[in-house]
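Peer 1: Sequence and predicted structure are below.
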Amino acid sequence: MTPARAFSVALVGVEGTIVEVEAAIGGGLPRMVIVGLADAALGEARERCRAAVHAQGLGWPAQLVTVNLSPATLPKAGSHFDLAIVAAVEAAAEKFDRAVLERMVLFGELGLDGRVRPVRGLLPALLAAVTAGFSTAVVPAAQLREAELVEGLTLWGVNDLLDLVAVLLGEPPKPPPEVPPTAAAETSPVKDLSDVVGQLEAKWVIEVAAAGRHHLYLHGPPGVGKTLLAERLPGILPDLETAEALEVSAIHSLAGLPLEGGLIRRPPYADPHHTASLASIVGGGARIAQPGSISRAHNGILFLDEAPEFSPRVLEALRVPLESGRVVLGRAAAQASYPASFQLVLAANPCPCGNAATPGAHCTCAPMAIRRYGDRISGPILDRIDIRHYLRPMSQSYLKAAVGRGEPSAAVAARVAEARERQRHRLAPHGWRTNGEVPGPALRRRLPLPQGSELLDEAVARGRLSARGVDKVIRLSWTVADLAGVDRPRREHLHTALAMRHGRDLAEVGSG
């Protein structure tokens, strides 16, 4: 019989490549052979496809079935090729007109009873199919809402193989059952800044970090509100733009997270535990690396609580993504690249017991232990952090007086949105959106320097700032100016930026 073909998509990172699934029948004993660099999950499609076809009463060829996945040199992983394999085999057996499969991509994992199950990475795979010029897609019915996020495709949602056959014969399958909306809002209560009592300076620091998308280091004794503030940072960030939401949603789809609610419009928030491995944070896998926490936090917040307790290898692995906004993971089979433009927030205690430099508390740590604890966050990592802020414990009388007086997140978010709009208007001609992402050379060549910039020269001469630190301070001064509603950073804004960079008390900034 003449070989037939169907189409699917292979994903390496978030990049998709069209795969031609060829099927030929005849030439040997009844069995199925899959060639073309398939991984274990794809190799097991032999048993899944044959059992599913028999369970639906469609009939499987009693001859040798050879399936080739082309291009043969491209690694293929996952179970989403099952539908394309069955379609190609049935077309080779002349069960329907094989011309139907042209310009159609198929995705879905098969159960042994013929049901079509959801698959990972559907959104980036469909985006690759549209880019390649395909016009029709067959997807699991349970993921039809996710597939509808991609424009330019005629979509068919199938529940089982009989639905697939109906589509290939030109008969519309039965509509998928109605899925009731999920009550996500009820299970995820909103965390508001008004819940944090006191810590007015820390709240201002959080606002500046949100407005300019600056990295942040919060340190202080236990119980002063470091984690509370970090958890409320996403609540004052503006919604993602459509292009950003597509990137974030594609990564979450690849990680196997559901997208029934449509595109992810809110900045994501990842807070891995300090025992997390390097592979879970950065990404990893045996043949083709999968996204880690830094990619799932793309266009959002990566919060490392108890940062000194993380493995030094994990912390040092953040250096390149903090600068480039991407992580490239090389493996024997392929090199995967994932976006990782996240806003890093670190939180740490002053010492292992947490009581160092705390008035009235007794620290049990030896001086060398305190020094080793602080050195776990290396200088190169701290140099990449824009803002450092020390949170002091509050007195009992102050806490009682401040209860119920906190400013809500909505009011802070409005100021952040206004500052972001000023940045967008100023930086859009140059291709940037926030102060935190403007490269150093552009700060000095395309934007006016802050007033009083001789303070930076003095700080560099005294060894208090590195060249990277100068850029960080200039970016911070622009953000402070944007929040103040002025067109160019003034001397007082530069003073404030220097204080934030060095971790000084903002109340001391008066005369500089």
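Peer 2: Yes, it's here. Numbering: from 1, shown residues only.
Peer 1: residue contacts, Ala99?
Peer 2: Contacts for Ala99 (CB atoms under 8 Å, 6 or more residues apart in numbering) come out as none. Backbone N, C-alpha and C define where each C-beta goes, glycine included.
Peer 1: cool, and Ala289?
Peer 2: Neighbours of Ala289 in contact, by CB under 8 Å, 6+ apart: Gly13, Gly283, Leu329, Gly330, Arg331, Ala336.
Peer 1: In strands, which of those residues appear?
Peer 2: Among the contacts of Ala289, the members falling in strands (DSSP state E) are Gly283, Leu329, Gly330, Ala336.
Peer 1: Widest-spaced pair of those?
Peer 2: For these, the farthest-apart pair by CB to CB is Gly283 and Gly330; their separation is 11.1 Å.
Peer 1: okay, those two: which has more neighbours?
Peer 2: Gly283 (24 against 10; other CB atoms under 10 Å).
Peer 1: does that one really touch Ser337, like I thought?
Peer 2: No: counting by CB atoms under 8 Å, Gly283 sits too far from Ser337 to count as a contact (10.0 Å).
Peer 1: what touches both of the two?
Peer 2: Val327, Leu329.
Peer 1: roughly how far apart are Val345 and Pro173?
Peer 2: For Val345, the distance to Pro173 equals 47 Å [CB to CB, to the nearest Å].
Peer 1: Looking at those two, which has the bigger crowd around it?
Peer 2: Neighbours per residue (other CB under 10 Å) separate Val345 from Pro173, with Val345 holding more: 28 against 18.
Peer 1: Which of the three states applies to that one?
Peer 2: At Val345 the chain is in strand, as set by DSSP: H, G, I helix; E, B strand; the rest coil.
Peer 1: residue contacts, it?
Peer 2: Applying CB under 8 Å, 6+ apart, the residues near Val345 are Ala209, His215, Leu216, Tyr217, Leu218, Ala230, Leu233, Ile301, Leu302, Phe303, Leu304.
Peer 1: Which helix or which strand is home to the fourth one?
Peer 2: Tyr217 is located in strand 216-219, with elements delineated by DSSP states H and E.
Peer 1: Tell me if Arg433 really is in a helix.
Peer 2: No: looking at Arg433 with three-state DSSP, it is coil, so not inside a helix.
Peer 1: Look up the closest residue to it, ignoring the ones flanking it.
Peer 2: Arg424 (5.8 Å; CB to CB, 6 or more residues apart in numbering).
Peer 1: What is the three-state secondary structure of that neighbour?
Peer 2: helix.
Peer 1: Same question for Pro359.
Peer 2: Relying on three-state DSSP, one would call Pro359 coil.
Peer 1: Run a quick neighbour tally on it.
Peer 2: 8.
Peer 1: Contacts only, for the residue nearest to Ala417 when sequence neighbours are not counted.
Peer 2: Leaving aside its sequence neighbours, Ala417 sits nearest to Pro238 (CB to CB, 6+ apart; 5.0 Å). Pro238 makes contact with Ala413, Val416, Ala417, Arg420, according to CB under 8 Å, 6+ apart.
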